[in-house]
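Novice: have a look; sequence and predicted model below, questions after that.
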Amino acid sequence: MSRTRQQNVTAAQWSSNGGALGAADLTVPGASNFGDNVFSVAVQKARLPKHIFKALQESLAAGEPLDASLADSVAQAMREWAMEKGATHYTHWFQPLTNLTAEKHDGFFEPVGDGTALAEFSGKELIQGEPDASSFPSGGIRATFEARGYTAWDPTSPAFILENPNGALLCIPTAFVSWTGEALDAKIPLLRSMDALSNEAIKALKLLGDETATRVFTTVGPEQEYFLVDEQYYFERPDLYTTGRSLFGAKPPKGQELDEHYFGSIPERVLSYMLEVEEELSKLGVPIKTRHNEVAPGQYELAPLFENSNISSDHQQLTMQILQNVARRYGMVCLLHEKPFAGLNGSGKHNNWSMGTDTKVNLLNPGDTPEANAQFLFFASAVIKAVNKHQALLRASVANIGQDHRLGANEAPPAIISIFLGAELQTAFEKIATGKGTVPKKSFLGLGTNMLPQLPKDGGDRNRTSPFAFTGNRFEFRAVGSSMSLGFVNTVLNTITAEAISELSGQLAKELKASKGDVFAAVSAVVKTVWEEDGHIVFDGDGYSEAWHKEAEKRGLLNLPTTPDALPWIVNKQTVDTFKKFKVLSKRELESRYEVFVEQYSSKANIEAETAASMARTMILPAALRHAELLDDGGDSPAIEKLKEELDGLITELVEAIFALEKANDHDGPDGGVKHAAYMRDVVLAAANDVRVAADKLEKVVADDLWPIPKYSEMLFIK
Ligand SMILES: NC(=O)CC[C@H](N)C(=O)O
């Protein structure tokens, strides 16, 4: 028998005695556990024979394949280190196209025949694994009977140990490929795209006069937003535990309108949780830097320092996993869905992206005088060009069913991709392109009293409605959703930028001849072309306004509000050509991703619709009928009659909506693919929403003790 809501409210009262406090002792000055569970360069140096360590580092720095003869030594050192830390098993840890990670554990110990067992781990086992590939999403690349797939060690992302109260596990980051050689994961294309961008950027840097850089890395610092709800409530809501979001819930009397949660003092239980999350991530070498309350009540954020995109992507997967695991130790559940609660801020994963050389130069750092910084202007122009040409693909790269609720409201950017540069940069570009305008001088903000310091004023404001905003020394792709892997979206960003750098380098080489080697004059000509051809993607106003929607249409920018609108751009000819040219994803690999994403949308829509129908019929409708009995017991005074009539109308609305939804659920709709996804959106999800509308009205009239599921106020405010 389920508990009543009132009992849950009592159960959700948390005290620190119930939590897992007291694990960390970081109070000793200078104590740090950073990287303790990582087979880091420092650990490798201490444990590998000198010549092996040197050879390993050299091939990693050059981005060259590893000599197989090194693998046995590395494997042995890795196993010994892991076993000292309590590991009994290892796994090839990989990232299939689910936005999650996958792992199959193998023990180190093997019997030797005399009744004892010896720990073994060979170079071959380190380098290659062979999981059954047929049950991972492959978008038609692998049929069910075609099972073979391989995992391949990624030596550029260090191995690490995951701890469990009863043991530990050595995790080896790997790539996942089909027997026919196609990438089945998020990592391989990301690594390929980093190579492509590095090659093009190095060529461009040579033209710009930099002969010292040998490799360019893309970097990412992702901001992870999430919600925490008490687990008592979570498990009372089938919608939360099967779909990740609330499919029902009337607007509460108090939402986020008082603006008091954002950056507010962090509730004690939540801060305890955050400290433990950070302690675990620190052991794994994830450089978490920031934590705070986010805008919606019950919403929080953590963000690491930026890292090379591949490592950042692996670390981001770990972050999502640790956030979810640790929450349970505090009696809470962490929601990573993009829109768990209608009407409140959703959750993004703002992707702070830049490019940097192995000589430690950030190519997107404008310096004090951006208008005179040829290198910055060149690379920023490439980004503008890339984002404009592939705006629809970028939109598609952040498409999923949760995003359809998040984008375009409550501080999440709209579905129209545009770039925000800020006043200083925008005038710098305009000035170079048109000769007009004055770049604002650096200034200070006086605070009206000498007691307070003067603050340097930034070159541009921030813009929360911009999907792609310049923020000082990087671009922040704000449209990325909170549940997403960083893999695909950064693969897209890197590849389209590689293409733009390549094209602009072609122009730059010609301009350099014309300007007789005057780099600034040549770059200015490139900037002028980009500003004229692609400048219309730049917009600094309110991305939500009706005026912008009209203006964007006039500028020819695409508005792709939902996932089925956006996904076809993954297999558009322009995308296929670009990805083929830079050898990041073949047509077949793009098609497989497209099919996987379309199917995920339709399957999730189906799960939402069936959950909504079942909750409405078996939980909400019975509550409404019980309330009707209550009114029946109340006699037949005019007041009661009025209430009965009102309730009757609402019950009729609910019943009709349920029948319509059940009918939609029973109907298959058009055959597979994106047509089916559009049917799910237009018919099935629309029917589920009608059920919600009726149910939410009932929530406001049915007796509180009869209402079967936790209400928004409880989930958001009882901490
Ligand atoms: N403060 C913020 O930056 C809000 C961002 C918002 N939560 C989003 O969905 O992107």
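Specialist: Good, I have the coordinates.
Novice: just the CA coordinates for stretch 579-590, please, in CSV.
Specialist: In CSV, the C-alpha atoms belonging to stretch 579-590 read as follows (Å, rounded to 0.1, in the frame of the first residue of the first chain):
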residue,chain,number,x,y,z
PHE,A,579,31.7,15.6,-42.5
LYS,A,580,33.0,13.5,-45.4
LYS,A,581,35.6,16.1,-46.5
PHE,A,582,37.0,16.3,-43.0
LYS,A,583,36.7,12.6,-42.4
VAL,A,584,34.7,12.9,-39.2
LEU,A,585,31.6,10.9,-40.0
SER,A,586,30.8,9.0,-43.2
LYS,A,587,27.3,9.3,-44.7
ARG,A,588,26.4,5.9,-43.2
GLU,A,589,27.6,7.1,-39.7
LEU,A,590,25.6,10.3,-40.0
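Novice: buried ones in that stretch?
Specialist: 579, 582, 584-585, 589-590 (16 or more other Cβ atoms under 10 Å). Bear in mind the C-beta positions are built from the backbone N, C-alpha and C, glycine included.
Novice: any chance of these in CSV, with distance to residue 220, secondary structure and pLDDT too?
Specialist: Formatted as CSV, those follow (distance: Cβ to Cβ, whole Å; DSSP: H, G, I helix; E, B strand; the rest coil; pLDDT from 0 to 100):
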residue, distance to residue 220, secondary structure, pLDDT
579, 20, helix, 98
582, 19, coil, 98
584, 17, coil, 98
585, 19, coil, 98
589, 22, helix, 96
590, 22, helix, 97
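Novice: which among these gets closest to residue 156?
Specialist: The closest of the buried residues of stretch 579-590 to residue 156 turns out to be residue 584 (Cβ to Cβ; 16.8 Å).
Novice: doesn't residue 194 make contact with the closest one?
Specialist: No: counting by Cβ atoms under 8 Å, residue 194 is not a contact partner of residue 584; they are 9.6 Å apart.
Novice: give me the common contacts of those two.
Specialist: Here residue 584 and residue 194 have residue 494 as joint contacts, going by Cβ atoms under 8 Å, 6 or more residues apart in numbering.
Novice: ok so, going back, just the buried residues of stretch 579-590 that are near the ligand?
Specialist: Among the buried residues of stretch 579-590, no residue lies close to the ligand (Cβ under 6 Å from any ligand atom).
Novice: could you dump the residues you listed into a markdown table with distance to residue 229 added?
Specialist: Shown next, in a markdown table, are the buried residues of stretch 579-590 (distance: Cβ to Cβ, whole Å):
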| residue | distance to residue 229 |
| --- | --- |
| 579 | 40 |
| 582 | 43 |
| 584 | 39 |
| 585 | 38 |
| 589 | 38 |
| 590 | 37 |
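Novice: between those, which is nearest residue 699?
Specialist: residue 590 (44.3 Å).
Novice: any figure for the gap between that closest one and residue 596?
Specialist: As defined by Cβ to Cβ, to the nearest Å, residue 590 lies at a distance of 11 Å from residue 596.
Novice: got it, and residue 705?
Specialist: Counting by Cβ to Cβ, the gap from residue 705 to residue 596 is 45 Å.
Novice: cool, and residue 381?
Specialist: For residue 381, the distance to residue 596 - Cβ to Cβ - is 34 Å.
Novice: next: residue 258.
Specialist: 42 Å.
Novice: compare those two (neighbour count), which wins?
Specialist: Under the criterion of other Cβ atoms under 10 Å, the comparison of residue 258 against residue 596 puts residue 596 first, with 21 against 8.
Novice: so where does the more buried one fall, helix or strand?
Specialist: Using DSSP states H and E, residue 596 falls within helix 587-615.
Novice: so what secondary structure elements neighbour that helix?
Specialist: helix 238-243, helix 563-566, helix 573-581, helix 638-666, helix 673-679, helix 686-699 (3 or more Cβ pairs under 8 Å, 6 or more residues apart in numbering; DSSP states H and E).
Novice: tell me the most buried of those helices?
Specialist: Among the helices and strands packed on helix 587-615, ranked by average contacts under mean count of other Cβ atoms under 10 Å, first place goes to helix 563-566 (a mean of 25).
Novice: can you map out the strands along the stretch 101-250 of the chain?
Specialist: 105-107, 109-111, 117-119, 128-129, 149-153, 160-164, 167-178, 216-230 (DSSP state E, counting those that start in this stretch).
Novice: packing partners of the second one?
Specialist: When contacts are defined as 3+ Cβ pairs under 8 Å, 6+ apart, strand 109-111 sits against strand 117-119.
Novice: the strand it packs on - what's its average pLDDT?
Specialist: Averaged over strand 117-119, pLDDT sits at 91.
Novice: tell me which strands that strand pairs with, and in which orientation.
Specialist: Strand 117-119 pairs in its sheet with strand 109-111 (antiparallel), by DSSP bridges.
Novice: tell me the average confidence for the strand it pairs with?
Specialist: 90.
Novice: how about residues contacting it?
Specialist: 88, 117-120.
Novice: could you list the buried residues of the strand or helix carrying residue 491?
Specialist: In this assignment (DSSP H and E), residue 491 forms part of helix 487-514. Residues of helix 487-514 classed as buried: 487-505, 508, 511-512 (neighbour count, 16+ other Cβ under 10 Å).
Novice: give me the contact status of that helix with the ligand.
Specialist: No: using Cβ under 6 Å from any ligand atom, helix 487-514 stays clear of the ligand, coming no nearer than 14.0 Å.
Novice: which helices and strands sit right next to that helix?
Specialist: Going by 3+ Cβ pairs under 8 Å, 6+ apart, helix 487-514 lies up against helix 187-207, strand 216-230, helix 309-329, strand 349-357, helix 374-389, helix 391-397, helix 519-534, helix 573-581.
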